[in-house]
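> sequence unknown, structure follows:
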Ligand code: UD1
């Protein structure tokens, strides 16, 4: 049991991880600016975590780029923050081409100011949300942690830069315990249907888009590219259920707490790839709906195939994914049906 600080805890991965961490007995302080998330997600985390959880979570509405907000977050709990789980950041590849300044500011600037606050407040343990996008066009699949880091979009550049910053900080002073977790494609939802992915506006990612077609909010799925060098011509990804991912964070935190200072760099993926067409078919089965689709041109910045070598995570954390594509589709569908408008953000903005 530890006192933790979570940045971006109301987001898709953050909210599921907060639940898992509360269930593991940790006390949480959250710093959240709700720029791409909803307070409703946190209300539901508390609903799922049970009546006693409310006294174990404190929320600071603030920004990780603001040192006063960070000071408040580090000081609000009755005991010192022992470790940080750092989710806060911008994450849309296409948007990062349009607005690189924002991406560098929030992702790198925010991480820099967070690390500075950690130094001031004597906290030296951090789990960081990195991304498989930093591998760019992989030379080899499955991708191991030793593969070349060579991002091909500004979003990936910012993630790679924060990874480097973390390594530099660890080298500058003894005592840092750092996990850099490279997520593959997080999807799915909590099986209750209470927590899930609620993108603002048109979804940029495959799963939320497909769910919105299944629920009737959109006409058809557009499959970006039918001429990739894969078995059916559509691109292949390693999809990971968000609950598996959340449990991976909990496992990484335990290892950092128990072991000597280190920089632990791990892929979090299943090791199994599925094509876009396979995802559409699996979602049709889960939703019992026919999903119209068309094949269009490739999307800028996409790669043919991205699949993790998950062996090191198993070896170091004793963790591997437990949920398959069927669970991912079933849980996404349960969430989508129960929350056709996400956390009703659109409805609030109409009032
Ligand atoms: C990328 C990153 C991932 C990151 C995520 C954040 C890579 C290899 N992966 O995921 O690490 O966490 O961005 O946003 O860079 N697709 C369609 N139609 C759609 C939407 C997507 O065909 O409407 C296809 C894409 O072309 C891709 C696959 O579905 O082949 C998955 O796309 P998406 O869900 O957007 O994730 P990635 O771009 O793979």
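Everything's here; your move. Since the structure is predicted, the reported quantities are computational estimates derived from the model, not experimental observations.
> Do a quick rundown of the helices in this protein.
Applying DSSP state H to the chain gives helices spanning 12-23, 39-49, 67-75, 93-98, 100-103, 110-120, 154-172, 206-214, 242-258, 276-287, 311-317, 325-338, 345-350.
> Just say which of the ones you listed is most tucked in.
helix 12-23 (a mean of 25; mean count of other C-beta atoms under 10 Å). C-beta: built from backbone N, CA, C; applies to glycine.
> Contacts only, for the closest residue to the ligand within the stretch 251-351 of the chain.
Closest to the ligand within the stretch 251-351 of the chain is residue 306: 3.8 Å, counting by C-beta to the nearest ligand atom. Contact criterion C-beta atoms under 8 Å, 6 or more residues apart in numbering gives 132, 135, 138, 141, 143, 184, 185, 236, 237, 238, 273 as the residues in contact with residue 306.
> Please list the residues of the protein that sit near the ligand.
91-93, 131-133, 183, 185, 204-206, 209, 222-224, 235, 237, 276, 299, 302-303, 306 (C-beta under 6 Å from any ligand atom).
> Now list the buried members of the residues you listed.
Buried by 16 or more other C-beta atoms under 10 Å: 91-93, 131-133, 183, 185, 205-206, 209, 222-224, 235, 237, 276, 302-303, 306, out of those.
> Please list the members of those that lie in strands.
131, 183, 185, 222, 223, 224, 237, 306 (DSSP state E).
> I'd say the second one and residue 134 touch.
I take that to be residue 183. No: using C-beta atoms under 8 Å, residue 183 makes no contact with residue 134, being 10.5 Å away.
> In the stretch 251-351 of the chain, where is pLDDT below threshold?
Residue ranges of the stretch 251-351 of the chain with pLDDT under 70: 345-351.
> Recalculate using a threshold of 90.
For the stretch 251-351 of the chain, applying pLDDT under 90 flags the ranges 300-301, 341, 344-351.
> how close does residue 33 get to residue 96?
18 Å (C-beta to C-beta, to the nearest Å).
> which residues touch stretch 277-296?
206-207, 210-211, 213-214, 219-226, 232-234, 239, 274, 325-326, 328-330, 332-333.
> That stretch: how far from the chain's middle?
For stretch 277-296, the separation from the chain centroid amounts to 24 Å (computed by C-alpha atoms, centre = their mean, to the nearest Å).
> re the thing from before, output the helices of the chain as TSV; include the columns distance to residue 57.
TSV is the format used below for the helices of the chain (distance: least, C-beta to C-beta, whole Å):
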stretch	distance to residue 57
helix 12-23	7
helix 39-49	7
helix 67-75	12
helix 93-98	30
helix 100-103	29
helix 110-120	19
helix 154-172	26
helix 206-214	26
helix 242-258	15
helix 276-287	32
helix 311-317	25
helix 325-338	22
helix 345-350	21
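> Compare those and report which one is nearest to residue 268.
Residue 268 lies closest, by C-beta to C-beta, to one member of these: helix 242-258, at 4.7 Å.
> Could you tell me the angle between that closest one and helix 206-214?
For helix 242-258 against helix 206-214, the angle by axes from the mean of the first three to the mean of the last three C-alpha atoms, to 10 degrees is 150 degrees.
> Quick one: mean pLDDT for stretch 174-187?
The average of the pLDDT scores along stretch 174-187 is 98.
> What's the end-to-end length of it?
36 Å (C-alpha to C-alpha, to the nearest Å).
> Which of the residues in it are classified as buried?
Going by 16+ other C-beta under 10 Å, stretch 174-187 has these buried residues: 176, 177, 178, 179, 180, 181, 182, 183, 184, 185, 186, 187.
> mind listing what the closest residue in space to the first one that isn't next to it in sequence touches?
Same thing as residue 176. Of all residues not flanking residue 176 in the chain, residue 170 sits nearest, at 4.2 Å (C-beta to C-beta, 6 or more residues apart in numbering). Going by C-beta under 8 Å, 6+ apart, residue 170 touches 176, 178, 261, 263.
> any idea which of those is the one closest to residue 149?
Residue 149 lies nearest to residue 263 out of the contacts of residue 170, by C-beta to C-beta, at 13.7 Å.
> Bridged to that closest one, which residues?
residue 178 (DSSP bridges).
> for the one 5 residues further on, same thing?
Beta-bridge pairing of residue 268, defined through DSSP bridges, involves residue 183.
> Can you name the residues that contact the residue in the stretch 1-150 of the chain positioned nearest to the ligand?
In the stretch 1-150 of the chain, no residue comes nearer to the ligand than residue 133, which is 3.5 Å away by C-beta to the nearest ligand atom. Going by C-beta under 8 Å, 6+ apart, residue 133 touches 93, 151, 153, 155, 156, 159.
> What does the second one show for phi and psi?
Residue 151 has phi and psi values of phi -60, psi 150 when expressed as degrees, to the nearest 10.
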